[in-house]
Each structure stands twice: as C-alpha cells, then as structure tokens.
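Sequence and predicted structure below; questions after.
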Amino acid sequence: MNRKAQVEICENCTHCKRDVERGILCGLTDEYAAFDGECPEFDASEAYIAKLRARKYMEASRKEADEPNLIRELPAVIFTYLFMLISALVGDAEPNVTWVLLAVGVVIIGISLCLFFHARGRNIGRNRSKLNRKKIKELLRVEGYRPQEGESGQIIFKIEGGAYVVRYEQPVFQLMYGF
C-alpha cells in the first residue's frame, strides 16, 4: 500500500496528527502510517462519518429518482382517457369512434390498475426494515466501527477497548459484551 492511500485513511481518523515538517502522522505512535490494507487502530472521525452518511443518502436519492414510478403516472393516464372520451362524446365524431375509445380506455385503465396493485403488493410483501447480517455490518461501518466475521456468522467489533459480538439466531439478534 502506498503512502497516498495510507494518508487518505489517516486523514479520516481521530488519531490523525498533522505536523508542519513531516506531514500526516499517527497520533498514537508519532510516526508515519505502517499498516498495509486496514489500520487496526482506525477510529473514524465525526466529519468522515457525516460524509459517509451524506454519500449514502445521495446514492439512495439518486437511485430512487432513476427508477420509473408507474404509480405516479396512473392519474395522468386516467385523466387523459377521460378527456378523450368526453371530447368524443361531445364532439361530432361518429358513434363507432366513441365505442372504440371507450374500449381502449377500459383496457388502459385495467392495465394501469393491474400495474398499480402489483407494485403495491410487491412493496407490501417486501419489508425493507428487516435486519440481516449485511445491514448490521453496513450500519457499524457507517458509524465508524470495523466489524469482522467471527465463527458461525457472528459479527465482532471493538468499542473503546471492549469487544462486542452480534450473534444471530433467527429471528433474534443478540449483542454481547466481551466473550
């Protein structure tokens, strides 16, 4: 791992020490970073945590904006159909045109309602608030901890010298101090 990558990690740590002559140092050792890959003493700063939260929020907003939402378009389709039907009934159009518009409109509304209830049922069936190992590890990372895989799927992380274990036995998560 090169010095530039180490400095990027060190700048986001609460132990970061800035020296005018030597540059970025570790506040614990007063030396340059000596880790390769991950620093075992990394403690995320508040600014870094806020930046991660903001990035996660922006990604979620962008993903939500990119997905087409057919449910939002349903009222526009129905109002357009009703406008066309009323125009045909009031105007000088032939009766056959009115019946064709009526039939097409019923089909469009039927398809729209099927899409609406399908999307609604899919969202009800999927409970996005469920916790799983992946979400817990992601949450711990965002909060600045370094979760690690333990034996039998346990998640282990350290806070101020104490070790915590998250054990998952469906449908219950247990948080234990020291082990």
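Yep, that arrived. Residues are numbered from 1 along each chain as shown.

Surely Leu140 is in a strand?
No: read with DSSP: H, G, I helix; E, B strand; the rest coil, Leu140 is helix and lies in no strand.

So what's the residue count around it?
Neighbours of Leu140 under the rule other CB atoms under 10 Å: 18. For glycine as for every other residue, the C-beta is placed from the backbone atoms N, C-alpha and C.

so what's it scoring on pLDDT?
We have a pLDDT of 80 for Leu140.

Over to Thr29?
Thr29 is assigned 88 on the pLDDT scale.

How about Pro95?
On the pLDDT scale, Pro95 gets 66.

Next: the one 3 residues further on.
Thr98 is assigned a pLDDT of 68 by the prediction.

same question, Glu64
At Glu64, the pLDDT value in this model is 59.

give me the element the spatially most central residue of the chain is part of.
With distances taken as CA atoms, centre = their mean, Ala60 lies nearest the centre of the chain, 5.0 Å away. Under the criterion of DSSP states H and E, Ala60 resides in helix 46-66.

Looking at the longest strand anywhere in the chain now, give me its mean pLDDT.
Looking across the chain with DSSP state E, the single longest strand is strand 162-169. For strand 162-169, mean pLDDT is 80.

Direction included, what does it pair against?
strand 155-159 (antiparallel), strand 172-177 (antiparallel) (DSSP bridges).

Of these, which is nearest Ser87?
strand 172-177 (59.6 Å; CB to CB).

Let me know how buried Gly162 is, in neighbour terms.
9.

Leu101 too?
Neighbours around Leu101, by other CB under 10 Å: 18.

If you count neighbours, what's buried in the strand or helix carrying it?
Using DSSP H and E, Leu101 sits in helix 95-125. Judged by neighbour count using 16 or more other CB atoms under 10 Å, the buried positions of helix 95-125 are Leu101, Gly105, Ser112.

Tell me the confidence at the residue lying closest to Leu140 once chain neighbours are set aside?
Nearest residue to Leu140, sequence neighbours excluded (CB to CB, 6 or more residues apart in numbering): Pro147, at 4.4 Å. You'll see Pro147 listed with a pLDDT of 85.

where's the nearest residue to Arg22 once chain neighbours are set aside relative to His15, distance?
Among residues not flanking Arg22 along the chain, Tyr32 sits closest, at 7.6 Å (CB to CB, 6+ apart). In this structure, Tyr32 and His15 are 13 Å apart, going by CB to CB, to the nearest Å.

what's the overlap in contacts for these two?
Each of Cys26 lies in contact with both Tyr32 and His15 under the rule CB atoms under 8 Å, 6 or more residues apart in numbering.
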